[in-house]
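K.L.:
predicted structure and sequence below. I'll ask about it afterward.
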Amino acid sequence: MVRHMDLLVEELLEFRARDPTRYKRLIQEGMLTELGFEIESKAAKVATVDEIKAKYRPRDVAYASIADAVIAGNRAKVEELVTASISKGKDPLDIVTNALMPGIQTQCELYDRGDAFVPEILMSNAAMQVGIKIAQEKLGDVPTKGKIASFVAEGDLHDIGKNIVVAILRANGFDVLDLGRDVSADTVVAAAKEKGLQMINGSTLMSTTKAGLKKTAETLEEEGLKVPIACGGAAVSRGYVETFNNSIYGRSPLDAVKIATGVCSGKGWEETRKALR
Ligand code: B12
């Protein structure tokens with residue numbers, strides 16, 4: 001119980017550091033509710049579908065069209081537009097980060113609010129994957145900076161974020177084995193043994209499945225494998241990840257690249273963890 005409270009406090013402090021304005025508003029609303037006032041949710045009222053689309057919309061016109069095609073789940077259009085952007089000299093990694101990702105982020109936020117549904121999310125994901133594949137083919141063989149595996153924790157089917165992280169790591173020259181989603185600790189450990197991995201990336205988006213990352217880190221240690229695990233995804237916080245050894249918390253795909261660069265150049269998990277704080 002005591003440790004549980006510690007985690008909650010750490011998560012609260014992290015949230016305050018990340019978004020002080022929202023934190024202040026939530027505290028004020030909480031105090032007003034306790035005093036008996038009825039609070040209307042500004043977020044639910046204010047953000048319309050168009051506002052959400054505008055929030056993520058790339059400034060570059062060509063990129064905005066790619067993002068729109070991802071939102072529409074139009075694979076053929078994504079293929080056509082990404083190919084055209086690459087032939088005009090755009091950087092494939094820039095296309096992934098600044099055209100394809102804003103598209104999927106828009107769709108995810110719409111889904112979260114009930115303005116998009118499961119088939120739409122899946123179609124957008126498939127469209128994004130078409131774009132990622134073209135970008136990766138263009139990047140070609142980059143000399144390997146290190147051997148990594150990526151997975152989504154057991155019981156969790158959310159793999160959009162993991163796929164983006166994999167694409168960005170590959171684009172940065174890492175050899176990434178994609179173990180997929182709903183992956184058990186034993187499967188990850190077997191891959192680490194067989195493939196001689198230098199690092200593992202674990203993602204999870206649900207509070208019910210985040211223990212899978214801890215179990216994986218602990219099993220790797222028990223088996224005597226010195227393979228650190230980078231942990232990320234919306235359900236994961238630094239506070240949680242730092243309750244177990246052999247783990248490094250990361251928020252974004254760029255953090256994943258920084259962690260991989262540190263670990264694959266021989267730094268241990270503790271040193272890499274400190275460098276990311
Ligand atoms: C899309 C989605 C789905 C899709 C998933 C499709 C797919 N192929 O992935 C579908 C419709 C199938 C789905 C199903 C379910 N979902 Co859902 N889903 C979402 C949603 C809307 C978006 C998730 C997403 O893809 N985000 C976009 C990606 C790009 O972000 P990301 O994954 O966080 O990844 C980024 C970073 O975190 C980071 N990152 C990720 N991994 C790593 C790893 C490392 C090492 C590093 C450094 C960084 C890093 O980089 C990524 C790119 O920027 C979220 C709500 C939300 N807004 O987050 C709910 C959400 C995750 N789902 C939820 C739930 C409960 C479910 C369901 C149980 C049923 C339901 N109520 O919808 C089932 C679960 C089934 C299962 N067993 O897994 C809850 C989880 C609650 C919780 N905290 O436990 C959420 C939060 C919705 C909610 N508000 O309640 N879902």
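P.N.:
Ah, there it is. Here the structure is a predicted model, which is why all the values come from computation and not from measurement.

K.L.:
nearest to the ligand: which residue in the stretch 51-200 of the chain?
P.N.:
The nearest approach of the stretch 51-200 of the chain to the ligand comes at G161, 2.1 Å away (Cβ to the nearest ligand atom). C-beta here means a position set from N, CA and C on the backbone, and glycine is covered the same way.

K.L.:
wait, what's in contact with that residue?
P.N.:
S203, L205, G232, G233, A234 (Cβ atoms under 8 Å, 6 or more residues apart in numbering).

K.L.:
buried residues, stretch 122-140. List them.
P.N.:
123-125, 127-132, 134-136, 138-139 (16 or more other Cβ atoms under 10 Å).

K.L.:
ditto for stretch 78-96
P.N.:
Buried, per 16+ other Cβ under 10 Å, within stretch 78-96: V78, E79, L81, V82, S85, I86, K90, P92, L93, I95, V96.

K.L.:
list the contacts of it.
P.N.:
With contact meaning Cβ under 8 Å, 6+ apart, stretch 78-96 is reached by 62-63, 65-66, 69-70, 99-100, 127-128, 130-132, 134-136, 138-139, 164, 167-168, 171-172.

K.L.:
any stretches of the stretch 101-250 of the chain with poor pLDDT?
P.N.:
Along the stretch 101-250 of the chain, the parts satisfying pLDDT under 70 run over 141-143.

K.L.:
got the residues of this structure near the ligand?
P.N.:
Counting by Cβ under 6 Å from any ligand atom, the chain comes close to the ligand at 104, 108-109, 111-112, 118, 121, 125, 155-162, 164-165, 201, 203, 205-208, 230-235, 250, 252-253, 255-256.

K.L.:
filter the residues you listed down to the ones in strands?
P.N.:
N201, S203, A230, C231, G232 (DSSP state E).

K.L.:
touching, the second one and V166? I think so.
P.N.:
No. Under the criterion of Cβ atoms under 8 Å, S203 is not in contact with V166, lying 9.7 Å apart.

K.L.:
still on that earlier bit, could you dump the buried residues of stretch 122-140 into CSV and include secondary structure?
P.N.:
Below are the buried residues of stretch 122-140 laid out as CSV (DSSP: H, G, I helix; E, B strand; the rest coil):
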residue, secondary structure
M123, helix
S124, helix
N125, helix
A127, helix
M128, helix
Q129, helix
V130, helix
G131, helix
I132, helix
I134, helix
A135, helix
Q136, helix
K138, helix
L139, helix
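
K.L.:
which of the three states applies to the closest residue to K195 other than its chain neighbours?
P.N.:
Of all residues not flanking K195 in the chain, L177 sits nearest, at 6.1 Å (Cβ to Cβ, 6 or more residues apart in numbering). Of the three states, L177 takes strand according to three-state DSSP.

K.L.:
what comes up buried for the helix or strand containing P102?
P.N.:
Applying DSSP states H and E as the criterion places P102 in helix 101-112. Within helix 101-112, the residues that count as buried by 16+ other Cβ under 10 Å are M101, P102, G103, I104, Q105, T106, Q107, C108, E109, L110.

K.L.:
identify the farthest-apart pair in the residues you listed.
P.N.:
M101 and L110 (15.0 Å; Cβ to Cβ).

K.L.:
just the buried residues out of the contacts of G161, in PyMOL syntax.
P.N.:
Command for PyMOL that selects the buried part of the contacts of G161, burial taken from 16+ other Cβ under 10 Å:
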select buried, resi 203+205+232+233
